[in-house]
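>>> Turn this into a model:
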Amino acid sequence: MRLTRFTDVALRVLMRLAVALESEDPPTTREVAATMQVPYTHAAKVVARLQHLGLVDARRGRGGGLTLTAAGRSASIGGLVRRLEGPGEVVDCEGDTPCPLRSACRLRSALRLAEEAFYASLDPITVTDLTSSPTGPLLIGISTSRPAPG
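The predicted structure is shown next:
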């Protein structure tokens, strides 16, 4: 299984916000995009979705920026990946050309079990867990070297 770029960026944005220092102004979407080295437009779509899910607060204007909510800090990575990836199968047995084995194939159910095991292994991990050392200090170091405006 491979995560979409959207889910990858969402997890990295959450991790970046989890280490935001109370002494700093909340980072903007543009700053987070630069820190995480992703296009601003993509980061903006991700932030909008995370805000819709109640994981991020976004405020515009002077004194604005992005902050992680309590729900965002304690969110299960498995649950997040499920929600961000959406429903679907690892293989498409019913596509434009349906697989001739679909009525008696064991591969589809084996892959479904493997996918659930993948999610289950991520369920106990929270966003806060992902930012423990050595990741958290690295993220803080990256985020304190603010990109030049522009």
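>>> ok, Y119 - how many residues close by?
16 (other CB atoms under 10 Å). For the C-beta atoms, the positions are set from N, CA and C on the backbone; glycine is no exception.
>>> nearest spatial neighbour of it, skipping sequence neighbours?
G78 (4.5 Å; CB to CB, 6 or more residues apart in numbering).
>>> three-state assignment of the one you found?
helix (DSSP: H, G, I helix; E, B strand; the rest coil).
>>> go on, the one 4 residues further on?
Here R82 is recorded as helix under three-state DSSP.
>>> Find the nearest non-adjacent residue to it, please.
That would be Y119: by CB to CB, 6+ apart, it lies 5.8 Å from R82.
>>> Might you report the residue contacts of the one you found?
G78, V81, R82 (CB atoms under 8 Å, 6 or more residues apart in numbering).
>>> Surely the second one and R2 touch.
No. With the criterion set as CB atoms under 8 Å, V81 and R2 do not qualify as a contacting pair; they are 11.6 Å apart.
>>> So these two - more neighbours on which side?
Comparing V81 with R2 by other CB under 10 Å, the one with more neighbours is V81, at 20 against 8.
>>> Run through the strands of the chain in chain order.
Ranges of strands in the chain, per DSSP state E, are 56-59, 65-68.
>>> one step back: what's the closest of the contacts of Y119 to C99?
R82 (24.9 Å; CB to CB).
>>> about what we covered before: please work out which of the strands of the chain is packed deepest.
Of all those, strand 65-68 has the most neighbours on average by mean count of other CB atoms under 10 Å, namely a mean of 20.
>>> Any regions of this protein where pLDDT drops low?
Within the chain, the ranges that satisfy pLDDT under 70 run 21-23, 134, 136-150.
>>> Could you point out the longest helix of it?
Longest among the helix segments of the chain by residue count, using DSSP state H, is helix 107-122.
>>> List the buried residues for it?
R108, L111, E115, Y119 (16 or more other CB atoms under 10 Å).
>>> Could you measure from the closest residue to the second one other than its chain neighbours over to I125?
Once flanking residues are discounted, L111 sits nearest to V90: 4.2 Å by CB to CB, 6+ apart. The gap separating V90 from I125 is 21 Å, by CB to CB, to the nearest Å.
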